[in-house]
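K.L.:
Fold the following and give me the result.
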Amino acid sequence: MFAIADDVLDLCRSVGHEATVLAVLADGLRNGPGDGSVLHDAVAAAGDLSAPHPHLEAWRDVYRAFGAKPQRTPCSAEALRKRAARGDLPSVNRLVDAYNAVSIRFAVPIGGEDRAALVGTERLVRSVGDESFDTVKDGLPVVETPEPGEVIWRDDLGVTCRRWNWRQGRRTALTDATTSAVFLLEGLDTDLTPAATLLCELLDADSVRIERLA
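P.N.:
Presented below is the predicted three-dimensional model:
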């Protein structure tokens, strides 16, 4: 169901970093209104959100390696922590709040996707440049294409997340009706086990398991 291309891992190594990807697979999920206390506790545990973080600096290295500009399009964890530092972090729903809380606390990029919306194998690859990406721009739905060589998550239909972990698409987004999901945790030179374990604890599901993809 999942695959990581060797050339993506080699790209990380070319700038001195070793990538790890864990998938948290949850079934029988129960979503619902968010609980702001989960996010509040994560912000309190994260320490100084405005201070430089070595893990996020490593992600900047990798973004530059595939041609992205992290100062304009930072990885999801960096963008999320900046929002939290400004006090701009509204509760979304139980599932999104859970993985956002873990992302903030550990400075780890995490994406959540509805497994029922995925088609075929979801894979982390370098883009050809003609893949479709279903997103929103200026409040309206649009279809974009990634830059050639960009690192993307995709399935058989198209891109599910651009610039590795910058922006997720609409098609596989978690909704109130989601009962089966995958949460992708991505790290550079770091142990993702504590983050994955906490996420498992925060999810209200019939079954949850952790699978190492890289």
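
K.L.:
Would you list the phi and psi of residue 20?
P.N.:
phi -130, psi 140 (degrees, to the nearest 10).

K.L.:
go on, the one 5 residues further on?
P.N.:
For residue 25, the backbone dihedrals (degrees, to the nearest 10) come out as phi -100, psi 120.

K.L.:
And for residue 33?
P.N.:
phi -60, psi 140.

K.L.:
Count the residues that sit near it.
P.N.:
11 (other CB atoms under 10 Å). The C-beta positions use only the backbone N, C-alpha and C, and glycine is treated the same way.

K.L.:
again, but for the one 5 residues further on
P.N.:
Other residues within reach of residue 38 by the criterion other CB under 10 Å amount to 16.

K.L.:
got a pLDDT number for it?
P.N.:
At residue 38, the model reports a pLDDT of 95.

K.L.:
Could you check stretch 182-189 and say which residues are buried?
P.N.:
In terms of neighbour count (16 or more other CB atoms under 10 Å), stretch 182-189 has its buried residues at 182, 183, 184, 185, 186, 187, 188.

K.L.:
ok, now how distant is the closest residue to the third one other than its chain neighbours from residue 148?
P.N.:
Taking CB to CB, 6 or more residues apart in numbering as the measure, residue 184 lies nearest to residue 111, with 4.8 Å between them; neighbours along the chain are not counted. From residue 111 across to residue 148, the span is 22 Å (CB to CB, to the nearest Å).

K.L.:
out of these two, which sits in the busier spot?
P.N.:
Using other CB under 10 Å, the more surrounded residue of residue 111 and residue 148 is residue 111, with 24 against 11.

K.L.:
how about the helices in this structure?
P.N.:
Assigned helices in the chain, in chain order: 6-14, 36-46, 54-65, 76-85, 94-106, 193-202 (criterion: DSSP state H).

K.L.:
Export those to CSV and append columns for distance to residue 23.
P.N.:
As requested, the helices of the chain are exported to CSV (distance: least, CB to CB, whole Å):
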stretch, distance to residue 23
helix 6-14, 15
helix 36-46, 21
helix 54-65, 19
helix 76-85, 16
helix 94-106, 12
helix 193-202, 9
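
K.L.:
okay, these, which one's buried deepest?
P.N.:
helix 94-106 (a mean of 24; mean count of other CB atoms under 10 Å).
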